[in-house]
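J.: Predicted model and sequence follow; I will ask about them next.
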Amino acid sequence: MGISLWQLLIILLIVLLLFGTKKLRSIGSDLGGAVKGFRSSMHDEGQSDEKKVSEEEMSHDESNRVIEGEVASKEKDKA
């Protein structure tokens, strides 16, 4: 009761006739770009997690430091 090779070829032929090769090529390149972007964002997120851990370790070391200051002017320099 599975799909045979001939049925898959007929479906592929119908899809090619409906959409055309240019449309299918653009859909494929868009899908490939989306997958590539997803992979790179997952890789970047993994690196940022490692960076967060090191920043947290540094903040624990400097938790007793207090930096004092005051705002001299609330206006931004227009230069």
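T.: Alright, I've got the coordinates. Numbers count the residues shown, from 1 in each chain.
J.: ok, which stretches of this structure are helices?
T.: 5-19, 21-61 (DSSP state H).
J.: so which of those helices gets nearest Ser73?
T.: helix 21-61 (29.5 Å; C-beta to C-beta). Just so you know, the C-beta spots here come from the backbone N, C-alpha and C atoms, and that holds for glycine as well.
J.: Average pLDDT for that closest one, rounded please.
T.: Averaged across helix 21-61, the pLDDT comes to 77.
J.: can you offset everything so residue one is 14?
T.: Taking 14 as the first residue, the last one we looked at is helix 34-74.
J.: ok, and what's touching stretch 46-53?
T.: Stretch 46-53 has contacts (C-beta atoms under 8 Å, 6 or more residues apart in numbering) with no other residue.
J.: number of nearby residues for Phe32?
T.: 13 (other C-beta atoms under 10 Å).
J.: no no, Leu37
T.: 13.
J.: Pretty sure it sits against Leu30.
T.: No - here Leu37 does not reach Leu30: they are 11.0 Å apart, not a contact under C-beta atoms under 8 Å.
J.: Between those two, which contacts overlap?
T.: Joint contacts of Leu37 and Leu30 (C-beta under 8 Å, 6+ apart) do not exist.
J.: how near is Lys36 to Ile27?
T.: 14 Å (C-beta to C-beta, to the nearest Å).
J.: nope, Lys49 is what I meant
T.: 29 Å.
J.: got it, and Lys35?
T.: From Lys35 across to Ile27, the span is 17 Å (C-beta to C-beta).
J.: same thing with Ala85?
T.: In terms of C-beta to C-beta, Ala85 sits 73 Å off from Ile27.
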